[in-house]
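Asks: fold the following and give me the result.
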Amino acid sequence: RQGREDEKGFWWFRDNQRPLDAVEMDRVYHSSPCILRGAEHIELAFKGRRDITLFTNLRIIIVDPKGLVGKQVEYTSIPWTSVVAHTVRTAGKFIDFDSEVGFYTEMKFFPGSSGGSGEDDTPPVPAKPKQSYFELDFNKKMVDMDALNYYLSRRILLLAKTDLGAPVPLEGLTHHTDSTTFGKLFEIIGNDQQEMDTQAINAELHTTTQILLDEETVVMAFKAGRDVTLFTNVRVLHIDVQGIFGAKIEYLSLPYKSIRAWSVETAGVWDADTELNLYTQNRWHAAKIEFDFRTGKADIQKINRFLSALIIGRPTDNQVDLFKKSYASAKQMVPLKFGSFGILNNS
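Replies: Numbering: from 1, shown residues only. Just a heads-up that it's a prediction; the model follows:
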């Protein structure tokens, strides 16, 4: 924001990025050096020890000074349209000082090499993501990661508004389902997801942990242990609660426009789960994203129809009938509870 001073913080925080005055940075990079377009403006600015990260209305710019005195400078630009998905990972509870934001793009990665053999004893070189995936570290004391996540969601998801897919019902299509003690254990160990009610999660992610857009609605929600997978009207959002205390939380946001193919697999005779695979144009770890769902606790074909509507459907299509399942005989569930860290607890 305008007028913000550079609060460098303690020395052990300085490698992690801290906020800068975006208005001042906009003035600087419109003049010397002039790297911004006329209609381009900086919305957020951050600085690490020497690197500067700029989020503009058109792209991400990373300013990387090289050498001892920083005379040589590399300017890397990644248009928002090149971002396939993004992750936001909050810091842990105690000695974890940084939060991370990761960007998956459509660019290629370095596949590595197997090394030489015989007289050529060149050691193998591991694969590297290069620009296919890059990560930025932020100072957890100075950067509001929920606000940053909301900003990134708006900036990336608004690009998907030109192709919204077919109209789908926006009322919640999933509900609480009861589990036996054995079922709950299998759910945690096997990571098999089951349906949960959308009303409470919608309220939580629009208020206390505000990461959903104003016009965004959770249509289907599933939970496995402490992890949650949400299908909204604009993206798939996976929430991975990590650590003993659940303070470290990773949010993976995948717009439907980034999904190039998908597959669902129904359960076999002895299988306890159904599967969903999402394929994107990313070449790194987001090239294929897998989800398992508990048989009898999630309708995999309803998910299939929902994805078909939003990925290959058109706004002029008739509204999709997703055949809402009847839960009239289901046992009444205890209302959803939220922990103090702004995400679902495991009770």
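
Asks: please, where are all the helices along the stretch 1-150 of the chain?
Replies: Assigned by DSSP state H, counting those that start in this stretch, the stretch 1-150 of the chain shows helices spanning 22-29, 145-157.

Asks: now these as CSV including mean pLDDT, mean neighbour count and distance to Thr217?
Replies: Heads up, the C-betas are built off the backbone N, CA and C, glycines and all. Output for the helices of the stretch 1-150 of the chain, formatted as CSV (pLDDT from 0 to 100; neighbours: other C-beta atoms under 10 Å; distance: least, C-beta to C-beta, whole Å):
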stretch, mean pLDDT, mean neighbour count, distance to Thr217
helix 22-29, 96, 18, 30
helix 145-157, 94, 19, 13
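
Asks: need those helices in a markdown table with distance to Thr81, can you?
Replies: Shown next, in a markdown table, are the helices of the stretch 1-150 of the chain (distance: least, C-beta to C-beta, whole Å):
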| stretch | distance to Thr81 |
| --- | --- |
| helix 22-29 | 20 |
| helix 145-157 | 9 |
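
Asks: any idea which of these gets closest to Ala203?
Replies: Judged by C-beta to C-beta, the one of these that comes nearest to Ala203 is helix 145-157, at 15.2 Å.

Asks: helix or strand right after the helix or strand of the chain with the lowest mean pLDDT?
Replies: Lowest by mean pLDDT, DSSP states H and E among the helices and strands of the chain is helix 181-190, with a mean of 41. Reading on from helix 181-190 to the C-terminus, the next helix or strand found by DSSP states H and E is strand 194-196.

Asks: give the buried residues for the helix or strand following that following strand.
Replies: Sequence-wise, the next helix or strand downstream of strand 194-196 (DSSP H and E) is helix 198-206. Neighbour-count burial for helix 198-206, counted by 16 or more other C-beta atoms under 10 Å, picks out Thr198, Ala200, Ile201, Asn202, Glu204, Leu205, His206.

Asks: contacts only, for the closest residue to the fourth one other than its chain neighbours.
Replies: Spelled out, it's Asn202. With C-beta to C-beta, 6 or more residues apart in numbering as the criterion, Asn202 has its nearest non-adjacent residue at 4.9 Å, and that residue is Val218. Residues near Val218 by C-beta atoms under 8 Å, 6 or more residues apart in numbering: Gly172, Thr198, Ile201, Asn202, Leu205, Leu212, Leu230, Phe231, Thr232.

Asks: need the nearest residue in space to the fifth one, chain neighbours excluded.
Replies: For Leu205, the nearest residue in space outside its immediate sequence neighbours is Leu212; the separation is 4.4 Å by C-beta to C-beta, 6+ apart.

Asks: quick one on the thing from earlier: for Thr87, state which of the buried residues of helix 198-206 is nearest.
Replies: Closest to Thr87, out of all of those and judged by C-beta to C-beta, is Leu205, at 16.1 Å.

Asks: contacting residues for that closest one?
Replies: Here Leu205 is in contact with Ile211, Leu212, Val218, Leu230 (C-beta under 8 Å, 6+ apart).

Asks: which one of those residues sits closest to Val23?
Replies: Using C-beta to C-beta, Ile211 is the member of the contacts of Leu205 that sits closest to Val23, with 25.5 Å.

Asks: please report how far the closest one lies from Ser253.
Replies: 8 Å (C-beta to C-beta, to the nearest Å).

Asks: do Thr105 as well
Replies: Per C-beta to C-beta, Thr105 is found 14 Å from Ser253.

Asks: swap in Leu310?
Replies: Distance from Leu310 to Ser253, counting by C-beta to C-beta: 15 Å.

Asks: between the two, which one's more packed in?
Replies: Higher neighbour count among Leu310 and Ser253: Leu310, with 27 against 24, using other C-beta atoms under 10 Å.

Asks: so which bits of stretch 53-63 are buried?
Replies: Residues of stretch 53-63 classed as buried: Thr53, Leu54, Phe55, Thr56, Leu58, Arg59, Ile60, Ile61, Val63 (neighbour count, 16+ other C-beta under 10 Å).

Asks: name the nearest residue to the first one, sequence neighbours excluded.
Replies: Nearest-residue entry for Thr53: Phe46, 4.6 Å, with adjacent residues in sequence omitted and distances by C-beta to C-beta, 6+ apart.

Asks: need the pLDDT of Gly9.
Replies: Gly9 carries a pLDDT value of 51.

Asks: do the same with the one 5 residues further on
Replies: Arg14 is assigned a pLDDT of 53 by the prediction.
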